[in-house]
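# sequence isn't available, so here's the structure alone:
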C-alpha cells in the first residue's frame, strides 16, 4: 500500500502510475516491471534499467497464464460442452486478433504510445496484453490474476456469446471449400521485409495455380488469414 501511494503521489513516475490507474484500475508496486510489459522488441530501449529490454519474456509467461485462466473459465461456464467446443472457444479468445481488440478496448494503446517508436501495430497491443497478464501474475500471484482477467478483461471487454457463433478462421473455411469443390489451394510467401526493425510478410493465395489475393502483416499466419478472407470475399464464398 505504501509503495503504491508513493508511486501515485510522490514518485517521479507518478504521471505513468496515474495512467496505469486510469487504464488498469490499479497502481502497480513495481512500475519498472509493468513498464517492461509495454516495451516491444522494435522499440528503443536505451533508457530501460532492466536486464531484458523488451516484453517477450513477460509475453511468454502471460500467454501461458491467460490460456490456463480462459480454459478454467470456459470449463466452469459450459459444464455440459465437450472438449472440442471448449478448445475452439479458447482458441477464439486467446487468438491474436481477439487480444488486439480487447487490448484496444481496454485502452492499452494509451500506455503503449508512450514507448512506441514510429508505427504502433495492432499486434503490439495483443502482445502487450499478454505481457501485462504476466506482470500481474508476478506481482499478485495466480488467484488475483485469475480474478482480474475474468472480471476486468473477459467480462468487461469480450462478448463470449458472440464468439460462440463466430467462425473467422478464414484459412480453414477456404481450405474446406476448396476440398469440397476439388480446387487446389496454395499459400506462397511473396516477400519478407523489415519495417521498424520488425519482419513483415507478404503472402499470396493461389487457387489452381492462379493468384487470387495477397496480404501483408507482421505475422505470417495473420497474413495468410487476411489473404484468405480476401479470397472468400472476391469469390463470393459465404457458405461451405
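On my side now, so go ahead. No experiment lies behind these values; they were computed from the predicted model shown. Numbering: from 1, shown residues only.
# which strands or helices does the helix ranked longest in the chain pack on?
Using DSSP state H to assign secondary structure, the helix with the most residues in the chain is helix 56-77. For helix 56-77, the packing partners by 3 or more C-beta pairs under 8 Å, 6 or more residues apart in numbering; DSSP states H and E come out as helix 83-94, helix 122-140, helix 142-148. Bear in mind the C-beta positions are built from the backbone N, C-alpha and C, glycine included.
# just for the protein, where's the confidence low?
Residue ranges of the chain with pLDDT under 70: 43-52, 116-119, 167-168, 238-240.
# and the strands in it?
Here the chain has its strands, by DSSP state E, at 185-195, 198-207, 210-217.
# residue 208 and residue 178 touch, don't they?
No - assessed by C-beta atoms under 8 Å, residue 208 is found out of contact with residue 178, at 9.0 Å.
# need the overlap of contacts for those two.
Common contact partners of residue 208 and residue 178 (C-beta atoms under 8 Å, 6 or more residues apart in numbering): residue 184.
# who's in contact with stretch 223-240?
With contact meaning C-beta under 8 Å, 6+ apart, stretch 223-240 is reached by 97, 168-171, 173-174, 176-177, 180, 187, 201-205, 207, 212-217.
# quick one: buried ones out of those?
When burial is judged by neighbour count using 16 or more other C-beta atoms under 10 Å, the buried members of the contacts of stretch 223-240 are 169-171, 173-174, 177, 187, 201-205, 207, 212-217.
# no further queries at this time; thank you.
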